[in-house]
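S.K.: Got a predicted model here, sequence first, then my questions.
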There are 2 protein chains.
Amino acid sequence: MFQTQIYFDNSASTRLDERVLEEMNPYFFDIYSVATSEFAYSMGIEAKEAVDRSRDIIAKSLAAKPDEIIFTSGSCESSNAAIKGATAALSSKGKHIITSKIEDFPVLNTIKRLEREGFEVTYIDVDDRGFVDMAQLESSIREDTILVSIQHANQEIGTIQDIDAIGNLCRERKVLFHTDATHTFMRVPIDLSNLNVDFMTFSAHTVHGPKGIGGLFIRKDTPFKKLIDGGFQEFNMRAGVEDIPSIVGFAKAVQIIPSDESKTLQKMRDYLIDRVLSEIPDTSLNGDISKRLPQNANITFHYVEGESITLHLDMYGFAVSTGSACFSKSLEASHVMMAIGGSHEDAHGSIRFSLSRYNTVEQIDNLVDTISKIVQNLRKISPLGKER
Amino acid sequence: MFQTQIYFDNSASTRLDERVLEEMNPYFFDIYSVATSEFAYSMGIEAKEAVDRSRDIIAKSLAAKPDEIIFTSGSCESSNAAIKGATAALSSKGKHIITSKIEDFPVLNTIKRLEREGFEVTYIDVDDRGFVDMAQLESSIREDTILVSIQHANQEIGTIQDIDAIGNLCRERKVLFHTDATHTFMRVPIDLSNLNVDFMTFSAHTVHGPKGIGGLFIRKDTPFKKLIDGGFQEFNMRAGVEDIPSIVGFAKAVQIIPSDESKTLQKMRDYLIDRVLSEIPDTSLNGDISKRLPQNANITFHYVEGESITLHLDMYGFAVSTGSACFSKSLEASHVMMAIGGSHEDAHGSIRFSLSRYNTVEQIDNLVDTISKIVQNLRKISPLGKER
């Protein structure tokens, strides 16, 4: 019964691509000097050039300028840096922040922290598919609003927000706009030269790059104070010895993404959704069917506990997630599921499937066959069952 | 004339040990799940266990409890987290901070940032070998002092402070004590069960571990607010997806340090110092000869520019540093050299040599022979020369 674990959870995208490690290798063992020693000796210059080259690759992938991209330790730091950095720079102008009810925890809990420290926060509602209420957003912007932080796509239900419209509204009303693009980065086209986005969070760990390295886009001349003080690294916007191997690996991970990978993922996703919804009774898709992350499916299996499904799937060698990535540790109902109007039962019965480069249609077939059996068995014994 | 670069600069310790990468390998490709998914499936548990094991190893190396150690992205973040975290938690009690004049930039610039935001700061003087003025420290502690941050050893001149005495003083006066132990970690014995230290910064990159991963010791029940908000990772003291490969690599780097490595480094250091001081005229050691980092030598070559020496050494394949690690980019005189009473000329003529596992006595012989020639030549043409 046991077999090698097959990931369909949020870890799926975090498997390192072998080509990334290969690219990192010389920076572990040969060119390991500190990049900022550039005036001191030649190896420092080589290290600096590797960082510059990597930054160029990543900037180009987003149609940003290289000096608008800084490297961080990951998405969580990026969102903290953007939100705390912008609000610290602008707190004399106002203390009102706007966000959505379905942000991931790095954004949500950073803003809640600021709220405890005296900022005022408006949490925008979303509809039953997870789209933010644009009218409410528009009417919430005030004279003292200094930042809007609304995610590009949702971490659980995959709904993609219209950041073009949100950005335009923010620009018009002269409010800074941060978006957490952790899950859309390299999966959905992002053209920062055409978007009114001031800060954007992204990360290597969602595209088979190294963990512990992320990126933050900060549009030129945007008010900002450093989260991490120290040396002048990263255009004096983020101190700390550069993690050059990971920076190089990040760029390689971006470079090797096949141009049709999102399409491939989307096809697999739709195949998974179609099979589950048509073959397993009492299931429903959470989120939107078209404005949706290509790698994400989120399905409620009514009358069953999601936790039970994941535990059984684990025994069959499949890893999937229930609830939010960071919080499946806790058994609280997902704040995202609650915000889209789900019941506690719906929230607990929902499973998120994340697809990656290393998943295959054959794996999906096995997964669906297995879930089908598991759900059937669980429903026979479930106290949530229809018949009871 | 050109050869493979030999590092005697602050990059020396940042070469990854091959055994570290080997240990990290399965966590890139096999056990790559997110550690916090522990309740969800078995791979999550394996990942969590790897983090726990690594934390135990590192805690034991410092005689700390595992839940007093959190992983960060490096020394710079650790110092920012400690200083900003403690002062944010205690700002209602007082707004006075004490530090030394020779701290490294992560501490110094974090405290300067707080100073700009309304905190009051006392910068303690050091003597000509870099020891903090204990009498001044004692008399500087006030009712509203909330934090003392004084480094364990200096990044440039290697002077080791008496953190036992400083800790006792702080405890007696009920003030929190943070120490930046980036350079002493695993090089000088540190027993946190016997030291009155509340926060300690350390890092993997100084002991041939991965870059981008550091540690912060936070003594149990010490007032602290998170620098990076988000999920509940790291005992709810530092959010962000755990960089498990780097955490595992960090522990491995600690585990494989030979018990006599500091002694070996110290012998090489003394050999280097002896040869230079006895064979090259008009040279002097900066810092203390005995209370000194085993891996550090810092020598002023009078009547010569340090920058010229490093550039010439580079051509011969040796990498050394002048000024501070983070700042050799700038040509400002080192704040450390100025604080120990050096002239601008002394500061610019000083070279820091850092020794590591990969240096040999033979390399040192070549290095000293080469410097000897370089300095002789430079002095012939130097405008700073004695004869002029």
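M.R.: Thanks, I have it. In this text the structure is predicted, and so the values were computed from the model without any measurement. Numbering: from 1, shown residues only, chains lettered A, B, ... in the order given.
S.K.: Low-confidence ranges, chain A, go.
M.R.: A:1-4, A:35-43, A:323-331, A:382-388 (pLDDT under 70).
S.K.: all helices for it, in order.
M.R.: A:18-29, A:42-61, A:75-90, A:105-116, A:134-140, A:163-172, A:233-236, A:244-255, A:261-279, A:306-315, A:335-339, A:344-348, A:361-381 (DSSP state H).
S.K.: hang on, A:I160 packs against A:V188?
M.R.: Yes - assessed by C-beta atoms under 8 Å, A:I160 is found in contact with A:V188 at 6.3 Å. The C-beta positions use only the backbone N, C-alpha and C, and glycine is treated the same way.
S.K.: Look at these two and report which has more neighbours.
M.R.: A:I160 (23 against 18; other C-beta atoms under 10 Å in any protein chain shown).
S.K.: so the more buried one bridges to which residues?
M.R.: A:A153 (DSSP bridges).
S.K.: Could you report the separation of it from A:I190?
M.R.: 11 Å (C-beta to C-beta, to the nearest Å).
S.K.: do A:S284 as well
M.R.: Taking C-beta to C-beta, one finds A:S284 at 30 Å from A:I190.
S.K.: Comparing those two, which shows the higher neighbour count?
M.R.: Neighbour comparison, A:S284 and A:I190: the larger count goes to A:I190, with 22 against 15 (by other C-beta under 10 Å).
S.K.: what's the more buried one in contact with, if anything?
M.R.: With contact taken as C-beta atoms under 8 Å, 6 or more residues apart in numbering or on different chains, A:I190 is in contact with A:L62, A:A63, A:H152, A:A181, A:T184, A:M200.
S.K.: number of nearby residues for A:M134?
M.R.: The number of residues near A:M134, taken as other C-beta under 10 Å, comes to 14.
S.K.: How about the contacts made by it?
M.R.: By C-beta under 8 Å, 6+ apart, the neighbours of A:M134 are A:D162, A:A165, A:I166, A:L169.
S.K.: Neighbour-wise, give me the winner out of those.
M.R.: Going by other C-beta under 10 Å, A:I166 tops the contacts of A:M134 with 25 neighbours.
S.K.: quick one: contacts for the closest residue to it other than its chain neighbours?
M.R.: Among residues not flanking A:I166 along the chain, A:I150 sits closest, at 5.6 Å (C-beta to C-beta, 6 or more residues apart in numbering or on different chains). Contacts here follow C-beta under 8 Å, 6+ apart; on that basis A:I150 touches A:I98, A:T99, A:S100, A:E103, A:I124, A:V132, A:L137, A:Q161, A:I163, A:I166, A:F177, A:T179.
S.K.: Now with 7 Å, please.
M.R.: A:T99, A:S100, A:V132, A:Q161, A:I166, A:T179 (C-beta atoms under 7 Å, 6 or more residues apart in numbering or on different chains).
S.K.: Could you pull up the residues touching the third one?
M.R.: If you count contacts by C-beta under 7 Å, 6+ apart, A:V132 has them with A:S100, A:I124, A:V126, A:I150, A:Q161.
S.K.: Over to the second one?
M.R.: Going by C-beta under 7 Å, 6+ apart, A:S100 touches A:Y123, A:I124, A:V126, A:V132, A:I150, A:Q151.
S.K.: Likewise for the first one?
M.R.: A:T99 makes contact with A:V107, A:I111, A:V121, A:Y123, A:I124, A:S149, A:I150, according to C-beta under 7 Å, 6+ apart.
S.K.: quick one: which of those has the most company?
M.R.: Most surrounded of the contacts of A:T99: other C-beta under 10 Å gives A:V107, at 28 neighbours.
S.K.: Hmm, A:V148 and that residue touching each other?
M.R.: No - here A:V107 does not reach A:V148: they are 11.2 Å apart, not a contact under C-beta atoms under 7 Å.
S.K.: Could you let me know which of the contacts of A:I190 ends up closest to chain B?
M.R.: Among the contacts of A:I190, A:A181 lies closest to chain B (C-beta to the nearest C-beta), at 15.6 Å.
S.K.: close enough to count as contact, A:T370 and A:M315?
M.R.: No - counting by C-beta under 7 Å, A:T370 does not reach A:M315; the two are 9.6 Å apart.
S.K.: more crowded one of the two?
M.R.: Neighbour count, other C-beta under 10 Å: between A:T370 and A:M315, A:T370 has more, with 17 against 14.
S.K.: Next one: that one from A:S61, what distance?
M.R.: 36 Å.
S.K.: cool, and A:T145?
M.R.: Distance from A:T145 to A:S61, by C-beta to C-beta: 31 Å.
S.K.: Measure how buried the closest residue to A:R275 other than its chain neighbours is and give me the count.
M.R.: Spatial nearest neighbour of A:R275, chain neighbours left out: A:V368 (4.6 Å); criterion: C-beta to C-beta, 6+ apart. Using other C-beta under 10 Å, A:V368 has 18 neighbouring residues.
S.K.: same check, this time on A:H312
M.R.: Neighbour tally, A:H312, other C-beta under 10 Å: 17.
S.K.: Please apply the same query to A:F217.
M.R.: The burial count for A:F217: 27, using other C-beta under 10 Å.
S.K.: Show me what the nearest residue to it once chain neighbours are set aside is bridged to.
M.R.: Leaving aside its sequence neighbours, A:F217 sits nearest to A:M200 (C-beta to C-beta, 6+ apart; 4.0 Å). Beta bridges link A:M200 to A:T179, A:F217, judged by DSSP bridges.
S.K.: Look up how far A:T370 lies from A:H348.
M.R.: A:H348 is 20 Å from A:T370, where distance means C-beta to C-beta.
S.K.: Chain neighbours aside, what residue packs nearest to A:A333?
M.R.: A:A347 (3.9 Å).
S.K.: My guess is the one you found contacts A:S334. True?
M.R.: Yes - using C-beta under 7 Å, A:A347 is in contact with A:S334, at 5.0 Å.
S.K.: more crowded one of those two?
M.R.: A:S334 (27 against 22).
S.K.: ok, that one to A:D104 distance?
M.R.: A:S334 is 11 Å from A:D104, by C-beta to C-beta.
S.K.: what's the residue lying closest to A:I57 once chain neighbours are set aside in contact with, if anything?
M.R.: Leaving aside its chain neighbours, A:I57 sits nearest to A:A251 (4.2 Å; criterion: C-beta to C-beta, 6+ apart). With contacts taken as C-beta under 7 Å, 6+ apart, A:A251 has the following neighbours: A:R53, A:S54, A:I57, A:I58.
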